[in-house]
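Undergrad: missing the sequence, but the structure's below:
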Ligand SMILES: [Zn+2]
């Protein structure tokens, strides 16, 4: 690649190389390697492209061979002396281990595609997709999947909640679907990435004198104890769930750790409201911890009414009252 190539084109070519890199373990893989602009086939340390040969159908390494060896040993009429000279140069540049494998292969060379145009394909998961039929977002996803690393918190929760198979794509979306408040979304983001500062974490870095729970002062304050198992918090959950159920938003009486920490994944009509309520209760618990107060249902209801009124105002301004009343339908009477 030229050193002075503009950054945009350099990045395009690098992305192309990354997406298009394929294994070369089998004869099939080798035969289907593109000759052109291939970093493994260089002449004078540069990858090559000969338009005349390309137009004559010499595109993949396998095109240089037939069942009995290199095609230049018995050239067809369409190749000029210059073509043959260039093909000889290419053959000399093909890695020797590839040539060895192709030489020992006695059958006809298998190709990925047998269309006359020999269309260019890219690997997408386990399939090969024709380039012209591949949308740009699929290519972008290939690049992302090669760079993305599973967050450590995801592994932490997967281990904790095993054998449940967690649908992370849906879990990450819950706070965005159920609430329009940035601070709530950010709060759930911190929970999902296990970066909520519980006393256990603060104690480790010397910011508090004890790792014990801010409410009961008996057990280590982990994320699970703080939001689910602390007796004071359990009392709050039980009172709140009774309150919601009374209004017609039916929670299971034994709401699970997964429901509380990650959200409710069953998509019933009420799931958006249920997830919003769970998130608000969690936020209330954390606010109380920060203020060194016990979490009471009465304080939570005051908070809930404020949230309801602010969503109502925003819905009015944005002309989305229908959606608002559909979401809050069962709690409207209690909260207005
Ligand atoms: Zn506690």
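TA: Right, received. Where do you want to start? Note that this is a predicted model, so its numbers are computed, not measured.
Undergrad: low pLDDT regions in the stretch 1-150 of the chain?
TA: 1-3, 19-23, 67-69, 74-75, 77, 104-128 (pLDDT under 70).
Undergrad: can you name the residue of it nearest the ion?
TA: Nearest residue of the stretch 1-150 of the chain to the ion: residue 150, at 30.6 Å (C-beta to the ion). Any C-beta I mention is one placed from the backbone N, CA and C, and that applies to glycine too.
Undergrad: count of residues packed around that residue?
TA: Per other C-beta atoms under 10 Å, the neighbour tally for residue 150 reads 9.
Undergrad: mind checking the SS state of it?
TA: The three-state assignment at residue 150 reads coil, by DSSP: H, G, I helix; E, B strand; the rest coil.
Undergrad: so how far is residue 257 from it?
TA: 21 Å (C-beta to C-beta, to the nearest Å).
Undergrad: ok, now which ones touch residue 156?
TA: Each residue near residue 156 by C-beta atoms under 8 Å, 6 or more residues apart in numbering is listed here: residue 194.
Undergrad: may I ask which helix or strand encompasses it?
TA: Per DSSP states H and E, residue 156 falls inside helix 152-161.
Undergrad: give me the buried positions along that helix.
TA: For helix 152-161, a neighbour-count test (16 or more other C-beta atoms under 10 Å) marks 154, 157 as buried.
Undergrad: show me what contacts the nearest residue to residue 86 once chain neighbours are set aside?
TA: Distance criterion C-beta to C-beta, 6 or more residues apart in numbering; nearest residue to residue 86, sequence neighbours excluded, is residue 50 at 5.2 Å. Listed by C-beta under 8 Å, 6+ apart, the contact partners of residue 50 are 36, 58, 86.
Undergrad: quick check, the last one in contact with residue 53.
TA: Yes - counting by C-beta atoms under 8 Å, a contact exists between residue 86 and residue 53, whose distance comes to 6.1 Å.
Undergrad: who's more crowded, those two?
TA: Between residue 86 and residue 53, counted using other C-beta under 10 Å, the more crowded position is residue 53 (22 against 19).
Undergrad: quick check: the more buried one touching residue 85?
TA: No - using C-beta under 8 Å, residue 53 makes no contact with residue 85, being 10.7 Å away.
Undergrad: returning to what we had before: how far away is the residue nearest to residue 86 from residue 279?
TA: 61 Å.
Undergrad: hey, where'd the strands end up in the stretch 101-250 of the chain?
TA: For the stretch 101-250 of the chain, the strands defined by DSSP state E, counting those that start in this stretch occupy 121-124, 127-130.
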